[in-house]
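1. Can you look at this prediction? I've put the sequence above it.
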Amino acid sequence: MVVWSPFRFNCGREMANRFAIAPLTTDSSHEDGTAADEELEFVRRRAANGFGAAISSATYVEDDGRSWQGTGAAHDGHLQSLQRLAGAMRAAGSLAILQIYDGGRIAKPELIGEQRMRAPSAVASLRPGARTPRAMTPDEVERLIASFRRAASLARKAGFDGVEVHGANHYAVHQFFSPRANHRDDHWGGTPARRMNFPLAVAAAVRDALGPNLIAGFRVTPFEAEADGYTLADASLLCNELAGLNLDYISISLDDFRKSRPQRETRVYDGPVEPDVIPAKSPITEFARVIAGRCAVMASGGIRTCADAGEAIGMGADLVAIGRAVVVDPEWLSKVRSKREASILPGLPGDKSGIAGTLSIPPRMVDYMLSRPGWIPRL
């Protein structure tokens, strides 16, 4: 099957198979942004199954952009922590990819201070209780691009095989592209073409910082679920430009790859919530058409079996990222490979006290997951 065949990126790095561990929010790092032992074990146990690549939990590039208590790549003081994280991700030879992000208007005031919250425009998020950020100055926008560059350089020094820019799920890079969040009238906003400038500048800075021999990826939400958001056609134009920057892959962030259901900004998890607008085309198929082999396409969302992975690849993906399935069952890939899918755990233990120890999930991450009803099934 194609899913077990190797894949070579533009840069020359090779995945042993088409499976990657998706970026998974642990919310479990130390307050200074260094990785805790519990989250390193969470990564190590899952990577030990032989995934072709492991992608880290989103790692902040500036202190003012922290959306949870996660790892940082904001300064040299984070280098040793990043080295330990890269080592854990390589437990069985997986490629180690650091995902980097900035929270923008969905940064947490309790982590950064309410007065430090900044975003493309002074427009509050749709999340309940959201604060209104201040609009970034042009100098601050340039500094944030430089912070993404610096984070990529730290990843290279720490020994990662590559970096993924988190341009999805309503974080800052997504916000610059969104007509709902970006009301600027300068180089960084206004027309759809100018709203692309920030994502493209970040991707180019990361590619340059990594050099030609490391993996540069970009994660994108293929359309906004809200009726006044950007469309699949808009995102296709962005992906066309991204693919021209010598990236190695574009990852499509979906809650369900079959239903073309992206994450809503409100983060409602108490049951399936369909988008206000559903495109007629599959984002996977459409992006594969637009990208036309210039870089890889990575699919995610609801992939629980080998057949699911094969279906996503049949739709046009080259690679698949496994998220919730590998949270619930750390040995998911081993069971899939040995054709023991019937033994895959279908949900988290009903007893909260048993989740952390049995599945090597940090206690803070357990609390985070259980605060989002319906996101991950329970037994």
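-> Everything's here; your move.

2. Please save the CA atoms from the longest helix seen in the chain in PDB.
-> Secondary structure of the chain per DSSP state H: the longest helix is helix 138-158. Below are the C-alpha coordinates for helix 138-158, written out as PDB (Å, rounded to 0.1, in the frame of the first residue of the first chain):
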ATOM      1  CA  PRO A 138       3.900  48.100  10.900                       C
ATOM      2  CA  ASP A 139       7.200  47.800  12.900                       C
ATOM      3  CA  GLU A 140       5.500  45.100  15.100                       C
ATOM      4  CA  VAL A 141       4.400  43.200  12.100                       C
ATOM      5  CA  GLU A 142       8.000  43.200  10.800                       C
ATOM      6  CA  ARG A 143       9.300  42.100  14.200                       C
ATOM      7  CA  LEU A 144       6.900  39.200  14.300                       C
ATOM      8  CA  ILE A 145       8.100  38.000  10.900                       C
ATOM      9  CA  ALA A 146      11.600  38.200  12.300                       C
ATOM     10  CA  SER A 147      10.500  36.200  15.300                       C
ATOM     11  CA  PHE A 148       9.300  33.400  13.000                       C
ATOM     12  CA  ARG A 149      12.700  33.500  11.300                       C
ATOM     13  CA  ARG A 150      14.500  33.400  14.600                       C
ATOM     14  CA  ALA A 151      12.400  30.400  15.800                       C
ATOM     15  CA  ALA A 152      13.200  28.500  12.600                       C
ATOM     16  CA  SER A 153      16.900  29.200  13.200                       C
ATOM     17  CA  LEU A 154      16.600  27.900  16.700                       C
ATOM     18  CA  ALA A 155      14.900  24.700  15.300                       C
ATOM     19  CA  ARG A 156      17.800  24.200  12.900                       C
ATOM     20  CA  LYS A 157      20.400  24.600  15.800                       C
ATOM     21  CA  ALA A 158      18.400  22.200  18.000                       C
END
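
3. quick one: contacts of the following helix or strand past that helix?
-> Sequence-wise, the next helix or strand downstream of helix 138-158 (DSSP states H and E) is strand 162-167. With CB atoms under 8 Å, 6 or more residues apart in numbering as the test, strand 162-167 has contacts from 9, 11, 13, 23, 55, 58, 95-101, 148, 151-152, 155, 173-174, 177, 199, 202-203, 206, 210, 214-221, 248, 251. C-beta: built from backbone N, CA, C; applies to glycine.

4. And for stretch 234-245?
-> Counting contacts by CB under 8 Å, 6+ apart, the residues outside stretch 234-245 that touch it are 177, 192, 196, 199-200, 203-204, 207, 216, 218, 220-223, 250, 283, 286-287, 290-292, 294-295.

5. Would you mind listing which of these are buried?
-> Buried subset of those (neighbour count, 16 or more other CB atoms under 10 Å): 177, 196, 199-200, 203-204, 207, 216, 218, 220-223, 250, 283, 286-287, 290-291, 294-295.

6. Now do the strands for the protein: every range, in order, please.
-> In the chain, the strands defined using DSSP state E lie at 7-8, 14-15, 19-21, 53-55, 59-60, 95-101, 118-119, 134-135, 162-167, 215-220, 249-252, 296-300, 319-322.

7. Residue 330 contacts residue 359, doesn't it?
-> Yes: between residue 330 and residue 359 a contact is recorded at 5.9 Å, counting by CB atoms under 8 Å.

8. if we can go back for a sec, from the contact counts, what lies against the longest helix of the chain?
-> Under the contact criterion of 3 or more CB pairs under 8 Å, 6 or more residues apart in numbering; DSSP states H and E, the helices and strands touching helix 138-158 comprise helix 79-89, strand 95-101, strand 162-167, helix 197-210.

9. closest to residue 368 out of those?
-> Comparison of the helices and strands packed on helix 138-158 against residue 368 by CB to CB identifies strand 95-101 as nearest, at 16.1 Å.

10. Tell me which strands that closest one pairs with, and in which orientation.
-> strand 53-55 (parallel), strand 59-60 (parallel), strand 162-167 (parallel) (DSSP bridges).

11. Adding mean pLDDT and mean neighbour count, write the ones you listed out as a markdown table.
-> Shown next, in a markdown table, are those (pLDDT from 0 to 100; neighbours: other CB atoms under 10 Å):
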| stretch | mean pLDDT | mean neighbour count |
| --- | --- | --- |
| strand 53-55 | 98 | 29 |
| strand 59-60 | 98 | 28 |
| strand 162-167 | 98 | 29 |
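
12. Which one of these lies nearest to residue 302?
-> Nearest to residue 302 among these is strand 53-55; the distance by CB to CB comes to 17.2 Å.
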